[in-house]
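In: no sequence on this one, just coordinates:
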């Protein structure tokens, strides 16, 4: 886990990591949230909507933003305050997602980092775009 | 800029942050007058003011502010 201090991070600083979405992640997410929507749980139903398989929960993909801030940028001292997210393309089980965050702005008065986040699949397609406001706590 | 000119811009920022075009802001307005004015919205206000007026606040001076009038005076002192 990174342990960046606010002063150590400059505008333009980038961090990224890669995750492959598994059946087990889908099962865990359904158990946690109770979202039994067939688009995410029924192969046949998802197929009838034009998808090659079950669609990964958008909020499962979004949950990777927590990892980005909490583990990578800034890591240990992070406190997520705001997230704006857009789901550009569907994600499917087995997709390998690369999550990249870049610091667009810093605001010294509250030690805030404004992150622009892009999540791409293994084909380089942007599946998710987000803006995050993350405080970098002193201790 | 005069107090009134800065107040007009500050009012626009408040309306944007709270997404309420009917919001009326006075010198005496403080966080107890606006239901959604919590700590996160306060941060949004301060960051928006810094951007709009191209200035930097210090956390100590921000924490001393008692109402919008004092915020406007602080902005004017930095222009």
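Out: In hand now; what should we look at? Keep in mind the model is a prediction, meaning the values are calculated, not measured. Numbering: from 1, shown residues only, chains lettered A, B, ... in the order given.
In: only C-alpha atoms for contact and neighbour calcs from this point on.
Out: Will do.
In: give me every residue in chain A lying close to chain B.
Out: Residues of chain A lying near chain B by Cα under 8 Å from any Cα of the partner chain: A:81, A:107, A:109, A:110.
In: so the third one touches residue B:59, yeah?
Out: It stands for residue A:109. Yes - because the distance of 5.2 Å satisfies Cα atoms under 8 Å, residue A:109 is recorded as touching residue B:59.
In: who in chain B is up against chain A?
Out: Contacts of chain B with chain A, taken as Cα under 8 Å from any Cα, map to B:40, B:43, B:47, B:56, B:57, B:58, B:59.
In: all helices of chain A, in order?
Out: Residue ranges of the helices in chain A, as given by DSSP state H, are A:23-33, A:38-41, A:43-48, A:58-62, A:64-67.
In: mean confidence for the fourth one?
Out: The reference is to helix A:58-62. When pLDDT is averaged over helix A:58-62, the result is 98.
In: now the first one
Out: For helix A:23-33, the per-residue pLDDT values average out at 98.
In: list the buried residues for that helix?
Out: Neighbour counts over helix A:23-33 (16 or more other Cα atoms under 10 Å in any protein chain shown) mark A:26, A:29, A:30 as buried.
In: distance between it and the chain's centre?
Out: 16 Å (Cα atoms, centre = their mean, to the nearest Å).
In: could you do the second one as well?
Out: Between the centre of helix A:38-41 and the centre of its host chain there is 20 Å, according to Cα atoms, centre = their mean.
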